[in-house]
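# The amino acid sequence is not available; the structure is as follows:
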């Protein structure tokens, strides 16, 4: 890749995840403090991410692989998303907030696959080149959290009580507009099957389902759904947990996970080469079980270091499963259906898995909430157990021998 293309792709990744990090991490405290949402209502709002991910493969398969350039679709989705995000900023109740966040997530989740597609289209060796581009997304998430917590202090106890967390949506709206306009300058990523006679299944991206005929990919696909059930507990409860424990600058401390993510993502090629895809993914699953156990037994006092270690494990959890999974999926997909294949794995993870997970997390949070407060130990031990079971099933069913080129 030319250096100018690398710079553009890096800026794209930075803004893509800056937008997400600007509002999603603080969503739990915002819903609880500003909109007085229950656990089930909170789970319902978070599950809009899953509905967006479920619809994403159809948008990608129908449009990106057939009719329009991926970077142009990316631009339109982010510009419209900026308008919806501004409406979320103005909402004053869960009922008013929900339609806008649902519409926004239906537009945003396809962009996760689109930025990957735009990136992979410029790479001759994605396994080697992609981590160096993707790491800028992690940096974007870190900068968003640092800005909210360290520069603007919107997550301080006083600011939370004053309702200043709503400003995160305004920041995300402006950033989304910037990325939408910038996307028109990205390298052209034309549809792969434009002008060809295609079936309905091809138009909808359903041909990527052929990947499920491969036993190992089927096991990976199912494991992706199941591991996202405990993952949903982290997204919906972690920031609330730190706020409840009165941890100072909670959103800033949560960016430790993104620093870890930035470091471990650069280690992926080495792990692929030395240990293979199976062991790499198993390490990621182990990380989820371990971090929730640390959350369960840590506290805001003398055992606060356990919470920090649990947050720092995010790099292992996310990179060794999700980013590794994106690269593994790209290596299994044919050249015509790379966008659809990325949409398929988005469907499995952020779609079906988290839809179930957010519902379960909401039920568990309400079940272990009383006048005395949340029983956080049980709230974290349950997803720790789920992650451990998924890890054991994957270890037993995924056959050895799969390789991913990483030279």
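Yep, that arrived. Everything quoted here is computed from the prediction, not taken from an experiment. Numbers count the residues shown, from 1 in each chain.
# switch to C-alpha atoms for all contacts and neighbour counts from now on
OK.
# Flag the shaky bits of the chain, pLDDT-wise.
By pLDDT under 70, the low-scoring segments of the chain are 1, 57, 59-62, 64-65, 192-207, 334-337, 339, 343, 401-407.
# Now do the SS call for the residue nearest the centre of it.
Taking C-alpha atoms, centre = their mean, the centroid of the chain lies closest to residue 350, which sits 6.8 Å from it. Here residue 350 is recorded as helix under DSSP: H, G, I helix; E, B strand; the rest coil.
# Correct me if wrong: it contacts residue 46.
No. Using C-alpha atoms under 8 Å, residue 350 makes no contact with residue 46, being 10.7 Å away.
# for the strand or helix carrying residue 182, packing partners?
Secondary structure assigned from DSSP states H and E places residue 182 in helix 167-183. The contact analysis (3 or more C-alpha pairs under 8 Å, 6 or more residues apart in numbering; DSSP states H and E) places helix 167-183 against helix 3-23, helix 70-90.
# Just the residues contacting the first one, thanks.
Around helix 3-23, the neighbours that count as contacts under C-alpha atoms under 8 Å, 6 or more residues apart in numbering are 112, 115, 119, 133-145, 148, 168-169, 171-173, 175-176, 179, 182-183, 186-187.
# how many other residues sit next to residue 152?
14 (other C-alpha atoms under 10 Å).
# ok, how many other residues are close to the residue nearest to residue 221 when sequence neighbours are not counted?
Among residues not flanking residue 221 along the chain, residue 348 sits closest, at 6.5 Å (C-alpha to C-alpha, 6 or more residues apart in numbering). Using other C-alpha under 10 Å, residue 348 has 23 other residues around it.
# cool, residue 393 as well?
By the criterion of other C-alpha under 10 Å, residue 393 has 12 neighbours.
# and what of residue 236?
27.
# Kindly report the same for residue 241.
So residue 241, with other C-alpha under 10 Å, has 20 neighbours.
# Who's the closest spatial neighbour of it, skipping the chain neighbours?
Nearest-residue entry for residue 241: residue 376, 7.6 Å, with adjacent residues in sequence omitted and distances by C-alpha to C-alpha, 6+ apart.
# So residue 297 is in contact with residue 377, correct?
Yes. With contacts defined as C-alpha under 8 Å, residue 297 counts as touching residue 377 at a distance of 6.5 Å.
# Break down the stretch 251-400 of the chain into its helices, ranges please.
Applying DSSP state H, counting those that start in this stretch to the stretch 251-400 of the chain gives helices spanning 256-265, 268-297, 304-312, 314-318, 324-332, 338-346, 354-367, 376-397.
# Between those, which one is closest to residue 95.
Closest to residue 95 of these, according to C-alpha to C-alpha: helix 354-367, at 17.1 Å.
# Show me what the closest one is packed up against.
Short answer (3+ C-alpha pairs under 8 Å, 6+ apart): helix 354-367 packs on helix 39-46, helix 48-59, helix 215-244.
# Packed most tightly, which of these would that be?
helix 48-59 (a mean of 26; mean count of other C-alpha atoms under 10 Å).
# Do me a favour and get the end-to-end distance for stretch 342-356?
End-to-end span of stretch 342-356 (C-alpha to C-alpha, to the nearest Å): 20 Å.
# Identify all contacting residues around it.
With C-alpha under 8 Å, 6+ apart as the test, stretch 342-356 has contacts from 47-58, 60-61, 110, 112-113, 116-117, 208-209, 221-222, 224-229, 231-232, 326, 329-330.
# Please report how far the closest residue to residue 222 other than its chain neighbours lies from residue 326.
With C-alpha to C-alpha, 6+ apart as the criterion, residue 222 has its nearest non-adjacent residue at 7.5 Å, and that residue is residue 348. The gap separating residue 348 from residue 326 is 12 Å, by C-alpha to C-alpha.
# so how far is stretch 152-160 off the chain centroid?
25 Å (C-alpha atoms, centre = their mean, to the nearest Å).
# thought residue 48 was touching residue 99?
No. Contact criterion C-alpha under 8 Å: residue 48 and residue 99 do not qualify, at 9.3 Å.
# Stretch 63-78: end-to-end distance?
16 Å.
# And stretch 368-378, end to end?
For stretch 368-378, the first-to-last residue distance is 7 Å (C-alpha to C-alpha).
# From residue 218, how far off is residue 211?
With C-alpha to C-alpha as the criterion, residue 211 and residue 218 are 8 Å apart.
# whoops, I mixed them up, residue 341
Remark: distance between residue 341 and residue 218 (C-alpha to C-alpha) = 13 Å.
# again with residue 348
Taking C-alpha to C-alpha as the measure, residue 348 falls 11 Å from residue 218.
# Same question for residue 34.
Going from residue 34 to residue 218 by C-alpha to C-alpha gives 42 Å.
# same question, residue 355
20 Å.
# rewinding a little: quick one: which of the helices of the stretch 251-400 of the chain is nearest residue 236?
Nearest to residue 236, of the helices of the stretch 251-400 of the chain and by C-alpha to C-alpha, is helix 354-367 at 7.2 Å.
# Report the angle between the closest one and helix 39-46.
Per axes from the mean of the first three to the mean of the last three C-alpha atoms, to 10 degrees, the angle that helix 354-367 makes with helix 39-46 is 160 degrees.
# buried set for helix 354-367?
Neighbour counts over helix 354-367 (16 or more other C-alpha atoms under 10 Å) mark 354, 355, 356, 357, 358, 359, 360, 361, 362, 363, 364, 365 as buried.
# I'd like those residues as CSV, with distance to residue 258 appended.
Listed next are the buried residues of helix 354-367 as CSV, based on distance: C-alpha to C-alpha, whole Å:
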residue, distance to residue 258
354, 20
355, 23
356, 25
357, 22
358, 22
359, 25
360, 25
361, 23
362, 25
363, 28
364, 27
365, 25
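# that older thread, redo the helices and strands packed on helix 167-183 as TSV? Include distance to residue 393 and mean neighbour count.
Converted to TSV, those look like this (distance: least, C-alpha to C-alpha, whole Å; neighbours: other C-alpha atoms under 10 Å):
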stretch	distance to residue 393	mean neighbour count
helix 3-23	31	21
helix 70-90	36	22
